[in-house]
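J.: okay, structure incoming, though there's no sequence with it:
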């Protein structure tokens, strides 16, 4: 089993940047493909980005170029660097672990508790 703990959320002004972290513990981190999802109030959870065990990255089109996912095997951590943030980026951001690279929420077996990101002036 894998335990995931997100951190780094907070209040940021429009146009600002933020880096989210997701610390993994339990089974070997390097065996899992990792993803970030987000859920805004009243909306369904949506895929943001994923990184496979080889370092290949995948993004939702609207976030490509603004968001960067990365992983550090030494610290068992996956990151989401977000820039040029907009109010519509406000949401709870979740990291998740899967046995294959995917954007499909149901294929992620392990989830963190989420971290709140609010973009407002």
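T.: That came in fine, so what should we check first? In this text, all values refer to a predicted model and were calculated from it rather than measured experimentally.
J.: for residue 81, see how far away the nearest residue in space to residue 30 that is not next to it in sequence is.
T.: Counting by Cβ to Cβ, 6 or more residues apart in numbering, residue 30 lies nearest to residue 73, which is 5.3 Å off, once chain neighbours are set aside. Yep, even glycine has a C-beta here, placed from its N, CA and C like the rest. To residue 81, residue 73 is 17 Å away according to Cβ to Cβ, to the nearest Å.
J.: more crowded one of these two?
T.: Of the pair residue 73 and residue 81, residue 81 is the one with more neighbours under other Cβ atoms under 10 Å, namely 15 against 12.
J.: kindly state the beta-bridge partners for the residue nearest to the spatial centre of the chain.
T.: By Cα atoms, centre = their mean, the mean C-alpha position of the chain lies nearest to residue 36, the distance being 2.5 Å. Beta bridges link residue 36 to residue 49, residue 95, judged by DSSP bridges.
J.: begin at 6 from here
T.: Got it, the first residue is 6 from now on, which makes the last one we talked about residue 41.
J.: just the pLDDT for it.
T.: In this model, residue 41 is scored at 98, pLDDT.
J.: and what of the one 10 residues further on?
T.: Confidence at residue 51, expressed as pLDDT, is 96.
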